[in-house]
Each structure stands twice: as C-alpha cells, then as structure tokens.
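Visitor: Mind looking at a prediction? Sequence and model below.
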Amino acid sequence: MNMRIAKVTSDGTETKLRILAKEKEHVRRKLVVTAEKLKLKAKQLAVTAKQKEHVRRKLVVTAEKLKLKAKQLAVTAKQKEVVRRKLVVTADELRISRATLEKKVLERTKDLEQVKAKNEAILASIGDGLVATDTDGRILLVNKAFERSLGWKREEVIGKRLSEVIPMTDAIGNTLSASERLKIKTPNGSTAATMYYRRKDGTSFPVTITVAPITAGNRLIGTVEVFRDSTKEKEIDRAKSEFMSIASHQLRTPLTAIRWALSSLKREKLTDEQQRLVVTAHETSTNMAVTIRRMLMISHLEEDDAEPELAEVDLHDLVEKVTRLHDAHCRRNGLTLIVQCPHTLLVRTDEQLLVEILDNLISNAYKYTPRGGTVRLRVGKKEGMIRISVADTGCGIPLAEQKRIPEKFFRASNVASPAEAGTGIGLYMVYNIARVIGGTISFVSKENTGSTFTLLFPS
Amino acid sequence: MSKHVLIAEDETFLADTMGKLLQKYSVRVTIAYDGKEAIKALENEVPDLLLLDILLPKLDGHGVLKFIQDKELEFPVIVLSNLSDRQTKEECKRMKVKHYIVKNDIDDDDLWPAIEQYLR
C-alpha cells in the first residue's frame, strides 16, 4: 500500500512537473521568440540608428552650409544696401541733371526757334523766287517771292511736282518737258537760253534761273532753284539791240558810200602813191564794215534767242569762199595756206554763222603769223561731227592768258605791233556762234610756235 | 532786148553808182529815189528785176513789197539794205524776196556777180 500510495504520489508530482516543464518550455519558447523578435528589433533599431546618424550628419553638413549661406546673404544684403544707397544718390543726381537738361533743351529750342524765324524771315525777304524740290521734283519749300511772282500759295504747291505746277516755256511758247527742263541748265547751273515761267493766271514772264543740288553728306536729296523775273532786263536788252540796230544803220549808210566810192576809185588809173592810199582807205572801210557786222552779230547773240537757220552747206565751197576773202592778205604777207578738205562734204548748218567762225579763225591766223609762215586748214568728219581746225605758225598766246581767250575784248599781250591790233571781239563771237550751231571751240597754243583752233559741230 | 532793172534807193550816190555799174552790163536801169516813185515806176512798167532798199522816204520797202503782192506782179526782187535784223530779213523772205544783201558788206563791183543769175 505504501508503495502504491508512494506510487500514486509520485505520479502526481510527475504530472505536475511535466505540466510545469511544459509550461516552462512554452515560456522558454515564447522567450526565444521574443528574444528573436528583440534581436530583430535591435537590428532594426541599429539600422534606424545608423540612418538617423547619417541624417544627423547630413543635417550637420546642411546646417554648416546654411550657416555659410546666411553669412553670404548677409554680405550680399550689405552690398545691396550699398548699391541701394548709391542708386538713391544717382537718382537724385539724375533728377537734377534732368531738370538742368530740360532747362537747356527749352533754352536751345527757343534759340532754334529764333534762328528758324530768322531764316524764314531771310527766305521770305529774298527778292528772287526760291523753290526747293526733292529728287522726284516735288516741291518741298517755296518763299514769298515765289508766291508773289507766280500767284500760287505755299500750301497749294507743297508736295506737287514743280514741272506740273509751273510750266516752263521757250521763247516761242513751247512747253518744256521735265527732262527738257533739266537739259537747259549749263554746267554753272544757270539757263543758257531765255525761258519763261507761267503764272497761275496763265500769263508768262521771262526768268533767269540758277539751280544747285542739295546734298546731305554725299547723298543728293534734291535741288534748290532761284529764279528772277527778267522782264526788265529783256526790255533793256531789246532797247539796247534797237539802239544797236539804228546806230549801226546810221553808221553803215555813209560807210557804204565811202566803201563803194573807194572801190570804184581803185579801178581808176592812179599814181602808185594814190593807189596805195586808196587801197588802204578801202581796206579800212571794209574792216569797219566787218566790225559793224560783228557788233550787230554779238548784240544778236547776246539776246539769247539766236537760232541757227539750217540749210545744206557744201563745206568745200564754203572753205574756198572764205579763204578767197583773205587771199590778198595771204599774198601780201608772204604766207602759205594749205587746205585739206574732202571734195564733197555736205552738212546741215547755218552757213552765215559758219562763215563768220571760219572768217574769224582764218583772219586771226593770218594776222598773227609772221611773214613766211604757214596756215593749215583741215576739214574732216568723224562720228557725225565735223571738225575744222585752223593751225598757224604765229606768235601763239602766252600760257597765262590762254584761259581768257573766250572773253569779250581780250587781246593777247604779245601782239607784235599796233597795226595788228584787233578789237578783241572776234574770238568772243566765235565762241558764241559755235554755241548757237551746237558746236564747241578748243585750242592749243604755244608762244612763238603757233596756235591751232578747232571747231567741232554736229553735221 | 536788154533787161530792165528798177533800183529803189534814196541814197543818190549809191543809186547812181549801181545804175552806172549795171549799164556796163547793157542793162536798162530806172531809178526811183523813194517808195512812191518805185510804185509809179512799177505801174508804168514791170521790170525784170527790182533792187529794193527797205528804208525809203514816203513809202518803205515793205510797202513796195506789199504793192507787188497785192498787184500779183511776177518778177524777182533783191533787197539791198543796211538793215540786218532778223525781223526785217524774215519779213522779206515771207514776201518772196529772192536775195537779201547788206550793202555795207559788199563792194560796188560785188553787186553784178550777186544779181546776175536773176537776170538770165
């Protein structure tokens, strides 16, 4: 029995122990799990700690950077403040400058207005008409004299073409086109022939025009034209030529009687001495007749409306006719004349005017060539132009005086004797006649060697 | 039959010189010393040629030319004048004058060669 009890007792304990053991095992296992969990947690915490440390370090760096940035910002702020202060100062200065400038501009504007008013007053006071046009020929500006003489108001013409507003006509009333208007100008800008301007009311008046280009830098921006009503001058010219006409007629009438009387006397039987006197007197009267003719011709040429009377002219015949007039002079002075002229050379020109030119050139060549000299007359045609040259072996014209050749009354200083003295109107006339027949005169001259005068004119 | 030339010229010396000169070439000459005389001579006989001055007393050369035109007389006229202005020359040309000579620019013996062709 005891044994059984003992047995029974031991069995209970054992169970209890077993249960305890089991419970303990359970606890242990839980603990193991917990330990595992804790280990994991610890690991996670370590990782987190590591991360946090990393973040902290980064934060430290960032903080350093921020500190630096703050410092920089402080510097920048300081600089900005300096700049701001400077700007404030500059703004003040600018305000002052602006005020000064405004004052100066006002003063300058006032000055300019005064100058402008003065210039306008000057323009308005110019007695001659003035009109400025752009490169298209449109009117930019006109003055009071323009308005007065043409009857147009400034505002009616500004922007319009000058050639349309103010028609230009020639002496016989033909209206010139815009391009023809440009052509009438001589190189010095003034018109060669008399032209007429038509007023608003349709009436016309003769004008003397001077045109000059307006340039800005090197660029042509228009032209300025000054014109003058030349009615009075025309009247004076007319009176002058009427006087010339009457005076020359009065001179010619008795001179013709003298010339014809001497000419018929020359044919009579006379002693040598009488013959010499009569020949000299006849020659003088002939020269005087030539002088009167030339004076009249000059007066006519200066009237501006000289027009050539065109006709068919045989140059060979004409040259022969003119040279024959001087045969006596040629023989008397022992000169040689060499003529080179094609046999039939027909030109359309003014015969009388051409005779005058040749007569003058040949007469001069003979007059200024010493005994034994040679005069060469060459006639030729090239490219539609006739070229007639008269060359002598005479005394020539001093270089310093050559540019005065076309002047009226010019006489070279090296003319040998008063007997050779001319009137000084011959070459002046030659230049003017050449212009009328559309030609030009040129010359080459060397003192004590000779001169060559060349006439070039259209055939 | 000899040719007949009428000379209308108021300057007696010139008129007579011309007359004598033309007579040398067997030309019959009538001289009129003013425009009216010239008209009278023209009414009397139409010449073969008229040598006409422009500035003539009583009736000038233009008047004589107008008379010739009005009467439709047909013969050549040569003007011999000391006027040389364009208007006068043009007026003469218009009145069918054959030739215009400035007296002062010729000698007396240049006259015949200048007019001879109009008498053929």
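Guide: Noted; the coordinates are in hand. Numbering: from 1, shown residues only, chains lettered A, B, ... in the order given.
Visitor: for chain B, what spans make up the helices?
Guide: B:12-24, B:35-44, B:61-70, B:86-94, B:111-115 (DSSP state H).
Visitor: I'd like to know which of the ones you listed lies nearest to B:Leu55.
Guide: helix B:61-70 (7.2 Å; C-beta to C-beta). Quick note: C-beta positions are derived from backbone N, CA and C, even for glycine.
Visitor: which helices and strands does that closest one pack with?
Guide: When contacts are defined as 3 or more C-beta pairs under 8 Å, 6 or more residues apart in numbering or on different chains; DSSP states H and E, helix B:61-70 sits against helix B:35-44, strand B:49-52, strand B:77-81, helix B:86-94.
Visitor: Out of the helices of chain B, flag the one nearest B:Val102.
Guide: Comparing those by C-beta to C-beta, helix B:86-94 comes nearest, at 9.6 Å.
Visitor: tell me the mean pLDDT for the closest one?
Guide: For helix B:86-94, mean pLDDT is 89.
Visitor: how about the strands in chain A?
Guide: For chain A, applying DSSP state E gives strands covering A:129-134, A:139-142, A:168-169, A:195-198, A:204-216, A:219-229, A:311-314, A:336-340, A:346-349, A:374-382, A:385-392, A:440-446, A:450-458.
Visitor: Distance to A:Tyr368, mean neighbour count and mean pLDDT added to the ones you listed, as a markdown table?
Guide: A markdown table is the format used below for the strands of chain A (distance: least, C-beta to C-beta, whole Å; neighbours: other C-beta atoms under 10 Å in any protein chain shown; pLDDT from 0 to 100):
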| stretch | distance to A:Tyr368 | mean neighbour count | mean pLDDT |
| --- | --- | --- | --- |
| strand A:129-134 | 47 | 20 | 90 |
| strand A:139-142 | 53 | 20 | 90 |
| strand A:168-169 | 44 | 18 | 86 |
| strand A:195-198 | 39 | 19 | 87 |
| strand A:204-216 | 37 | 16 | 86 |
| strand A:219-229 | 41 | 18 | 88 |
| strand A:311-314 | 27 | 14 | 87 |
| strand A:336-340 | 14 | 12 | 90 |
| strand A:346-349 | 27 | 16 | 88 |
| strand A:374-382 | 10 | 17 | 91 |
| strand A:385-392 | 7 | 20 | 91 |
| strand A:440-446 | 10 | 16 | 88 |
| strand A:450-458 | 7 | 20 | 90 |
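Visitor: Nearest to chain B among these would be which one?
Guide: strand A:311-314 (12.4 Å; C-beta to the nearest C-beta).
Visitor: is the closest one anywhere near chain B?
Guide: No. Judged by C-beta under 8 Å from any C-beta of the partner chain, strand A:311-314 stays clear of chain B, getting no closer than 12.4 Å.
Visitor: strand partners of that strand, parallel vs antiparallel please.
Guide: strand A:346-349 (antiparallel) (DSSP bridges).
Visitor: Any chance you could give me the partner strand in CSV, C-alpha atoms only?
Guide: The C-alpha coordinates for strand A:346-349 follow below in CSV (Å, rounded to 0.1, in the frame of the first residue of the first chain):
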residue,chain,number,x,y,z
LEU,A,346,27.6,118.3,-147.1
VAL,A,347,26.5,119.4,-143.7
ARG,A,348,23.3,120.9,-142.4
THR,A,349,24.1,124.0,-140.5
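Visitor: A:Ala178 - how many residues pack around it?
Guide: Per other C-beta atoms under 10 Å in any protein chain shown, the neighbour tally for A:Ala178 reads 12.
Visitor: and the closest residue in space to it that isn't next to it in sequence, how far is that from chain B?
Guide: In space, and not counting its chain neighbours, A:Ala178 is closest to A:Ser163: 4.1 Å by C-beta to C-beta, 6 or more residues apart in numbering or on different chains. To chain B, A:Ser163 is 30 Å away according to C-beta to the nearest C-beta, to the nearest Å.
Visitor: can you tell me how far A:Ser163 sits from A:Asp136?
Guide: Distance, A:Ser163 to A:Asp136, using C-beta to C-beta, to the nearest Å: 11 Å.
Visitor: Which one's more surrounded, these two?
Guide: Neighbour count, other C-beta under 10 Å: between A:Ser163 and A:Asp136, A:Ser163 has more, with 19 against 8.
Visitor: Identify the residues contacting the more buried one.
Guide: A:137, A:177-178, A:181 (C-beta atoms under 8 Å, 6 or more residues apart in numbering or on different chains).
Visitor: Show the pLDDT at it.
Guide: 85.
Visitor: What count of nearby residues applies to A:Glu307?
Guide: A:Glu307, neighbours per other C-beta under 10 Å, totals 11.
Visitor: circling back to that earlier point, mind putting the strands of chain A in a markdown table, distance to B:Lys40 included?
Guide: Listed next are the strands of chain A as a markdown table, based on distance: least, C-beta to C-beta, whole Å:
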| stretch | distance to B:Lys40 |
| --- | --- |
| strand A:129-134 | 58 |
| strand A:139-142 | 64 |
| strand A:168-169 | 47 |
| strand A:195-198 | 46 |
| strand A:204-216 | 45 |
| strand A:219-229 | 51 |
| strand A:311-314 | 37 |
| strand A:336-340 | 51 |
| strand A:346-349 | 43 |
| strand A:374-382 | 51 |
| strand A:385-392 | 50 |
| strand A:440-446 | 52 |
| strand A:450-458 | 49 |
